[in-house]
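Q: Sharing a model that was predicted from the sequence below.
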Amino acid sequence: MPELPELEILVSNLRNRIKDKTLGRPIIINPKVISGDSNLLEDKMIKDVMRRGKWVLISLDEMYIAFHLRLNGYIFLVDYGEADSYDCIILPVDGEYIHFGDPRRLAQMKITSEIDSLIEELGVDPLSKDFTLEYLSKSLKKKRGNIKTFLMDQDIISGIGNTYADEILFWAKINPTRPCQSLSKEEIEALYNSIKNTLEEALKLGGTSTEEFTNLISREKSFEPKVHRKEGDQCPICDTPIVMIKIGGRGTYYCPRCQK
Ligand SMILES: [Zn+2]
């Protein structure tokens with residue numbers, strides 16, 4: 001599942017390729033994943049491509065197309081308009097084609113004139129100025145439950161999923177099972193810095209290479225997780241084997257020695 005760094009890179013590369021181009025008539029294969037009137041899209045010019053949380057937004061004149069990939073969705077930009085097996089919709093863009101699909105049909109595409117309702121549901125973007133140490137600190141104090149689940153709660157911080165939550169907690173040296181309210185001032189600060197640093201590092205490296213959800217990210221280099229899906233491997237800091245536990249049904253990986 002793509003998380004914030006991967007989506008940020010996808011958005012930036014998609015913007016470079018389709019901004020100021022014009023949409024053709026959409027080819028609809030699976031209308032169930034689409035909400036809104038796709039007839040309105042033809043001949044509209046693409047003004048911008050943006051990211052809000054895990055939503056990819058194409059901005060048109062007084063209208064938006066909002067994509068959410070969920071677990072298995074994809075966006076490809078290619079030079080052919082014939083449908084691939086799991087495509088849900090194909091959007092022609094001046095001789096190229098955006099293929100949007102999902103083998104599990106859980107991805108979503110919304111055509112909407114306003115994105116405020118979409119954005120209101122989202123927590124603060126961890127790469128924005130609104131994400132402050134104070135915001136993190138206050139949010140942690142209000143929350144029951146463990147820190148791993150907290151990091152993945154899109155209503156609080158938007159864009160962090162299972163992979164980066166594990167990496168963030170590793171660098172912050174915090175055990176994923178810790179109750180949110182048990183974190184000390186120093187630990188909250190370490191967590192804050194780790195969120196920023198881990199995501200920015202991943203962004204620089206082009207995200208993780210495990211998901212083939214787009215052809216819009218070049219794979220010359222990538223972010224290599226240190227603990228996520230590394231069960232049994234040695235911790236890069238102390239050589240203790242990484243362990244895996246389940247938190248909220250999700251595989252959670254950590255170093256039992258470094259992460260207290
Ligand atoms: Zn360790």
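A: In hand now; what should we look at?
Q: Does residue 148 touch residue 169 like I think?
A: Yes - distance between residue 148 and residue 169: 6.6 Å, which falls inside the contact criterion (C-beta atoms under 8 Å). All C-beta atoms are positioned from the backbone trio N, CA, C, and that covers glycine.
Q: Neighbour count: these two, which is higher?
A: Neighbour comparison, residue 148 and residue 169: the larger count goes to residue 169, with 29 against 24 (by other C-beta atoms under 10 Å).
Q: doesn't that one fall inside a strand?
A: No - the assignment for residue 169 is helix, going by DSSP: H, G, I helix; E, B strand; the rest coil, so no strand is present there.
Q: Please name the residues that touch the closest residue in space to residue 3 that isn't next to it in sequence.
A: Ranked by C-beta to C-beta, 6 or more residues apart in numbering and with sequence neighbours excluded, the top spatial neighbour of residue 3 is residue 161, at 4.2 Å. Listed by C-beta atoms under 8 Å, 6 or more residues apart in numbering, the contact set of residue 161 reads 1, 3, 54, 152.
Q: circling back to that earlier point, residues that sit against both of residue 148 and residue 169, list them.
A: Overlap between the contact sets of residue 148 and residue 169, as judged by C-beta under 8 Å, 6+ apart, is given by residue 176.
Q: Can you give me the end-to-end span of stretch 81-91?
A: One end of stretch 81-91 to the other measures 8 Å (C-alpha to C-alpha, to the nearest Å).
Q: in the helix or strand that contains residue 134, what counts as buried?
A: Residue 134 belongs to helix 133-142 when assigned by DSSP states H and E. Residues of helix 133-142 classed as buried: 135-136, 139-140 (neighbour count, 16 or more other C-beta atoms under 10 Å).
Q: same thing with stretch 185-201?
A: Of the residues in stretch 185-201, those with enough neighbours to count as buried (16+ other C-beta under 10 Å) are 187-188, 190-192, 194-195, 198-199.
Q: same thing with stretch 171-179?
A: 171-176, 178.
Q: and what of stretch 213-231?
A: Residues 213-214, 216-217, 222-223, 225-228, 230 are the ones in stretch 213-231 that count as buried (16+ other C-beta under 10 Å).
Q: Export those as CSV, with columns for pLDDT and secondary structure.
A: Shown next, in CSV, are the buried residues of stretch 213-231 (pLDDT from 0 to 100; DSSP: H, G, I helix; E, B strand; the rest coil):
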residue, pLDDT, secondary structure
213, 90, coil
214, 92, strand
216, 90, coil
217, 87, coil
222, 87, coil
223, 91, coil
225, 95, coil
226, 96, coil
227, 98, coil
228, 96, coil
230, 97, coil
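Q: Can you tell me which of the residues you listed comes closest to residue 251?
A: Nearest to residue 251, judged by C-beta to C-beta, of those is residue 228 at 8.3 Å.
Q: Mind splitting the chain into its structural domains?
A: Taking automatic domain parsing as the domain assignment, the record places the domains of the chain at 4-120, 133-254.
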